[in-house]
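K.L.:
Pasted the sequence and its predicted model underneath.
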Amino acid sequence: MEPTHTRSAEQFRGRVREFLCANLPANWKGIGAIADRDEADRFVDCWRDTLARNGLLAVSWPVAYGGAGLTKVEQVVLVEELARAGVPSMGYNDTFGIKMLGNTLLRWGTEAQKRYFLPRIVSGEHRWCQGFSEPGAGSDLAGLTTRAVLDGDRWVLNGQKVWTSRAREANWIFVLARTNPVARKHAGLSFLLVSMDQPGVEVRPIKALSGESEFNEVFFTDAVTPADHVVGDIDRGWAVAATRSTARGSHPTHRERSHGRRHEAARSDQAWRTSSRARRRARARCRWTPTAGALEPMIAATSPFEYPA
C-alpha cells in the first residue's frame, strides 16, 4: 500500500528533489556504486555536511535545538527521497548522536542540555558513541561496574566499556555508570554525558577477522564530566537508557497523540510502516554513509538517480 501525503508534504518532496539534483553528480548511481571504501567514507562525511548545511538533519527537532521544525510526515517524505536517490539520511555516528542521544535529550534532558548539545549534534561538532556494554555486563547490562563518583561539581569515572561502535571517530560518549553501589542493580545507575577529549579516556580498537576495527574498548581512568551532565535523575539512568533504545524521533509521542494531533500522528505511523522497505534498501545501499564530492570514476550502477520530467 502506498501512503498518501498532504499537499504541503508533496510540495516539500519537490524541494527535496531540487536539493538532490543540485547536490549530486549528473551520473550519480547510488552509494553502492562507489567501490573504494575510503572514497565511500569521504563521500559520507561530505554528504553529511551537505545535509546539515541545508537543514536536512534531525528535521523534526524544534528549530531552537538545531532542527528544521518539520512534521513527521515531511520527515517520512525526506527519507523516501533520499532512499530513492541512493544516499543515506545521516552520517556514521548520527545513529548514536541523533537517533539515540538526541531524541533521548528531547524527552529527558534539561532545557540547558537541549540548547547546548542538540545544535552541536546536528552541526557535527559533537560526534557521539554509546558506552553501555562491559566485559562482565553484556546481556546483563544492569550488572555493569563502571563507577561514577560525585566529587564537588564533577563526576569522576573509572571502569571499562567494550564493543563500543565508532568510538575512534567520536569525541563524546553517553555512559551508563553505577552511581549508587549499595542500591539494587537497576536502581543505582545514572546516564552521563562525557567528553572523550581528555587524558582519562582511552580508546583501543578491536580488530576483526576482516581486518577492520569498527568496535572498540573504552577505558575510564579518573575521567571527569560536570555534575550537570546527567540525563534524567541521578540513580534513575536505567529508565533513560531503556527509552533510548526506542527513541527514534520519527514516531509520534504520547503527548502528540493526546493534544489534537491524532490524525497526523496516525498518518505518520502508517507512512513509516509502509515506507520501511525503502528505508531498508537505503540502509543496505548506504553501508558507508553519504557525502558529496568528486565521485569519478563510478562503477556500474545501483538504481540511477533519475526523476521523471
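P.N.:
Ah, there it is.

K.L.:
can you map out the strands along the stretch 151-300 of the chain?
P.N.:
For the stretch 151-300 of the chain, the strands defined by DSSP state E, counting those that start in this stretch occupy 154-161, 172-178, 189-195, 201-206, 215-226, 230-231.

K.L.:
ditto for the stretch 1-150 of the chain
P.N.:
128-131, 147-151.

K.L.:
how about those in TSV, adding mean neighbour count and mean pLDDT?
P.N.:
C-beta coordinates here come from the backbone N, C-alpha and C atoms, glycine included. Formatted as TSV, the strands of the stretch 1-150 of the chain follow (neighbours: other Cβ atoms under 10 Å; pLDDT from 0 to 100):
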stretch	mean neighbour count	mean pLDDT
strand 128-131	26	96
strand 147-151	16	97
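
K.L.:
could the ones you listed go into a markdown table alongside distance to T179?
P.N.:
What follows is these, written out as a markdown table (distance: least, Cβ to Cβ, whole Å):
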| stretch | distance to T179 |
| --- | --- |
| strand 128-131 | 14 |
| strand 147-151 | 5 |
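
K.L.:
Which of those strands sits closest to L157?
P.N.:
Closest to L157 of these, according to Cβ to Cβ: strand 147-151, at 4.9 Å.

K.L.:
Quick one: list the elements packing against the closest one.
P.N.:
Helices and strands touching strand 147-151, by 3 or more Cβ pairs under 8 Å, 6 or more residues apart in numbering; DSSP states H and E, are strand 154-161, strand 172-178.

K.L.:
I'd like the ones you listed laid out as TSV, including mean pLDDT and distance to D49.
P.N.:
Output for these, formatted as TSV (pLDDT from 0 to 100; distance: least, Cβ to Cβ, whole Å):
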stretch	mean pLDDT	distance to D49
strand 154-161	98	28
strand 172-178	97	18
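
K.L.:
Show me which of those has the highest average neighbour count.
P.N.:
strand 172-178 (a mean of 26; mean count of other Cβ atoms under 10 Å).

K.L.:
For that strand, what is the distance to the chain centroid?
P.N.:
How far strand 172-178 lies from its chain's middle: 16 Å, per Cα atoms, centre = their mean, to the nearest Å.

K.L.:
Now do it: everything it contacts.
P.N.:
For strand 172-178, the surrounding residues in contact (Cβ atoms under 8 Å, 6 or more residues apart in numbering) are 96, 100-101, 104, 126-132, 141, 144-148, 155, 157, 159, 161, 164, 167, 188-196, 201, 218, 220, 231, 237-238, 241, 244.

K.L.:
Using PDB, write down the CA coordinates of that strand.
P.N.:
Listed next in PDB are the C-alpha coordinates belonging to strand 172-178 (Å, rounded to 0.1, in the frame of the first residue of the first chain):
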ATOM      1  CA  TRP A 172      31.700  12.400  23.200                       C
ATOM      2  CA  ILE A 173      30.200   9.300  24.800                       C
ATOM      3  CA  PHE A 174      27.000   8.700  26.700                       C
ATOM      4  CA  VAL A 175      27.700   6.300  29.500                       C
ATOM      5  CA  LEU A 176      25.700   4.200  31.800                       C
ATOM      6  CA  ALA A 177      27.600   4.100  35.100                       C
ATOM      7  CA  ARG A 178      27.000   3.000  38.700                       C
END
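
K.L.:
and that strand with strand 147-151, angle?
P.N.:
90 degrees (axes from the mean of the first three to the mean of the last three Cα atoms, to 10 degrees).

K.L.:
Q130 touches A170, doesn't it?
P.N.:
No. Using Cβ atoms under 8 Å, Q130 and A170 do not qualify as a contacting pair, with a distance of 9.1 Å.

K.L.:
Between those two, which contacts overlap?
P.N.:
Shared between the contact lists of Q130 and A170 (criterion: Cβ under 8 Å, 6+ apart) are residues F96.

K.L.:
just to revisit the earlier point, let me know which of the strands of the stretch 151-300 of the chain is the nearest to G66.
P.N.:
Evaluated with Cβ to Cβ, the strands of the stretch 151-300 of the chain place strand 172-178 nearest to G66, the distance being 15.2 Å.

K.L.:
Tell me who's in contact with the residue lying closest to P181 once chain neighbours are set aside.
P.N.:
Leaving out its chain neighbours, the residue that sits closest to P181 by Cβ to Cβ, 6 or more residues apart in numbering is G188, at 6.4 Å. Taking Cβ under 8 Å, 6+ apart, we find G188 in contact with R178, T179, N180, P181, V182, D235.
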